[in-house]
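Asker: Pasting the sequence and the predicted model now:
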Amino acid sequence: MKKKNAVAPLLLAVISVIIYLAVGKTLHNAVTSSAVMKAQATVIIIDAGHGGQDGGSSVDGVTEKDINLDIALKLNAIFELFGFETKLTRSGDYSTDGSEKFNKRLDLDNRIKLINSYENKVVISIHVNEFPSKRYFGAQMFYKNGQNNVKWAEKTMSRLKTLQPENERVAKPINSALYLYSRIDCPVLLAECGFLSNDAERALLTDEKYRMQIAMALFAGYTDNIESEVNYG
Ligand SMILES: [Zn+2]
């Protein structure tokens, strides 16, 4: 299968304009601040959850791995456009375990190995949710406990709430029992981008424009947090 890694120039132009309009102030401050120069020395590791034989959640033919990958690629393109160094744990529809018979543990171990091979890094892990009851909806950000990235998760939640004003979820710590996150030692944002089990939100998540908006909210949440470090750090 053809690897989905090239972003068409037109799309990049569209992204630039949208970002300029949506978060122009943030970016203006961002490019002039030394905190951002420091941030640009940080590798942004974007982790699209699942992949290949591991589809993650799946409802009505919509599979989590595909939504995760598309948001991750869009987010990667935006970060790159603004000069950030990025790394994707996967850039196509494959698992990272390297074996023919899917091995979840190996897949996670390889992600951990890749993440831990970088010195100065942050991780944005992209997932979507599924729940037995259809009524639950809303993107939610989780942060790694014991690290000073609560503000990052909260600022990203605020950006997401401009997309979903009825979303009353709050940023929470990542469950410390989760295998991947307990084995990486850097700031982590686990972005649960919505519920596939909610009909309206699933429809949104299958819309390319909405996925772009989610990616922009994740980017803006990151730069908002850098700004706050400039003001109060
Ligand atoms: Zn997942």
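Answerer: On my side now, so go ahead. Numbers count the residues shown, from 1 in each chain.

Asker: quick check, residue 142 in a strand?
Answerer: Yes. Counting by DSSP: H, G, I helix; E, B strand; the rest coil, residue 142 is part of a strand.

Asker: any idea how far residue 159 is from the closest residue to it other than its chain neighbours?
Answerer: Spatially, and ignoring its direct neighbours in sequence, residue 142 is nearest to residue 190 (4.0 Å; Cβ to Cβ, 6 or more residues apart in numbering). In this view, the C-beta of every residue, glycine as well, is placed from N, C-alpha and C. Separation of residue 190 from residue 159 (Cβ to Cβ, to the nearest Å): 16 Å.

Asker: same thing with residue 129?
Answerer: Residue 129 sits 18 Å away from residue 159, going by Cβ to Cβ.

Asker: Now do the SS call for the residue of the chain found nearest the ion.
Answerer: When scored by Cβ to the ion, the chain has residue 127 as its residue closest to the ion, at 3.6 Å. Three-state assignment for residue 127 (three-state DSSP): strand.

Asker: Give the helix, strand or coil label for residue 70.
Answerer: Put simply, residue 70 is helix when judged by three-state DSSP.

Asker: what's near enough to touch it?
Answerer: Neighbouring residues of residue 70 by Cβ atoms under 8 Å, 6 or more residues apart in numbering: 208, 211.

Asker: can you confirm residue 95 is in a helix?
Answerer: No. Read with three-state DSSP, residue 95 is coil and lies in no helix.

Asker: In contact with the residue lying closest to it once chain neighbours are set aside, which residues?
Answerer: Leaving aside its chain neighbours, residue 95 sits nearest to residue 52 (3.6 Å; criterion: Cβ to Cβ, 6+ apart). Applying Cβ under 8 Å, 6+ apart, we find residue 52 in contact with 65, 93-95, 102.

Asker: Touching, residue 98 and residue 113? I think so.
Answerer: No. When contacts are counted by Cβ atoms under 8 Å, residue 98 is not listed as touching residue 113 (10.9 Å).

Asker: On the pLDDT front, check the residue nearest to residue 142 for me.
Answerer: pLDDT, residue 190: 98.

Asker: Can you pull out the residues in contact with the one helix or strand it maps to?
Answerer: For residue 190, the element it lies in under DSSP states H and E is strand 188-195. Contact partners of strand 188-195, identified using Cβ under 8 Å, 6+ apart, comprise 67-68, 71, 122-131, 136-144, 147, 149, 152-153, 156, 174, 181, 201-202, 204-205, 214, 218, 221-222.

Asker: Quickly run through the sheet partners of it, with directions.
Answerer: strand 121-129 (parallel), strand 140-143 (antiparallel) (DSSP bridges).

Asker: what comes up buried for the longest one?
Answerer: By 16 or more other Cβ atoms under 10 Å, the buried positions in strand 121-129 come out as 121-129.

Asker: and what of stretch 91-103?
Answerer: 91, 93-97, 103.

Asker: That one close to the ion?
Answerer: No. Looking at stretch 91-103 against the ion by Cβ under 5 Å from the ion, there are no contacts, and the closest approach is 12.7 Å.

Asker: Residues touching that stretch, excluding its own?
Answerer: With contact meaning Cβ under 8 Å, 6+ apart, stretch 91-103 is reached by 1, 3-5, 50-54, 65-66, 69, 73, 76, 89-90, 104, 106-107, 110-111, 114.
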